[in-house]
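Trainee: just the structure for this:
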Amino acid sequence: MDDESDEVMAPMVDALTGAMSAILLVSIFLMISTISVVPESVKEYGKIALTKNSKLFEDIFDRTPPILDIKNFKISFYKIYKFTDDQLVILKNEFVEPPSSIDVYSSDKSEVVTYNLLSFMSQVGLIEDYDNITINFHEARESGLTEIFWSK
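Mentor: Predicted coordinates:
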């Protein structure tokens, strides 16, 4: 009787073995195709990250002179600036006496605004008078534009 059940079961065992082999082959194929796609994804992510960071570095190194408006007690710039020698002379002459207040209008992050303000005060010789100057921060009046006003 065992021989008969073995003969009856043999086709089912063969079918299950074939099905398992097919499932195993499909699984291996999917794993290999996934593995070959992963390096491309990592490469694409790397390109995107590099592009973002290179834009940041370009912004840092691309310092342009700010617009200086002495009549209205104002300088304005986008992102980051670098005074020309002539502008520094004009501003240092303007700040022989420190201003009573400085108003900063910017939509940049607070760290960037603080850096720009301290850089401004340091370059024009106001850093020693920091405690005696009232400093006010406001939202930018124009998107991306930073303006620094002072009053005597």
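Trainee: low pLDDT regions in this structure?
Mentor: 1-3, 36-38, 50-62 (pLDDT under 70).
Trainee: longest strand in it, please.
Mentor: strand 145-151 (DSSP state E).
Trainee: so which bits of that strand are buried?
Mentor: L145, T146, E147, I148, F149, W150 (16 or more other CB atoms under 10 Å). C-beta here means a position set from N, CA and C on the backbone, and glycine is covered the same way.
Trainee: before we move on, what about stretch 110-125?
Mentor: V113, N116, L117, F120, M121, Q123, V124.
Trainee: which residues does the longest strand of the chain contact?
Mentor: Strand 145-151 has contacts (CB atoms under 8 Å, 6 or more residues apart in numbering) with 72-79, 99-108, 113, 116-117, 120, 140-141.
Trainee: can you list the strands that that strand pairs with?
Mentor: strand 74-78 (antiparallel), strand 101-105 (antiparallel) (DSSP bridges).
Trainee: CSV for these, including distance to K43?
Mentor: Formatted as CSV, these follow (distance: least, CB to CB, whole Å):
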stretch, distance to K43
strand 74-78, 33
strand 101-105, 42
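Trainee: quick check: G18 is in a strand.
Mentor: No: if the criterion is DSSP: H, G, I helix; E, B strand; the rest coil, then G18 is helix and not within a strand.
Trainee: how many other residues sit next to it?
Mentor: 10 (other CB atoms under 10 Å).
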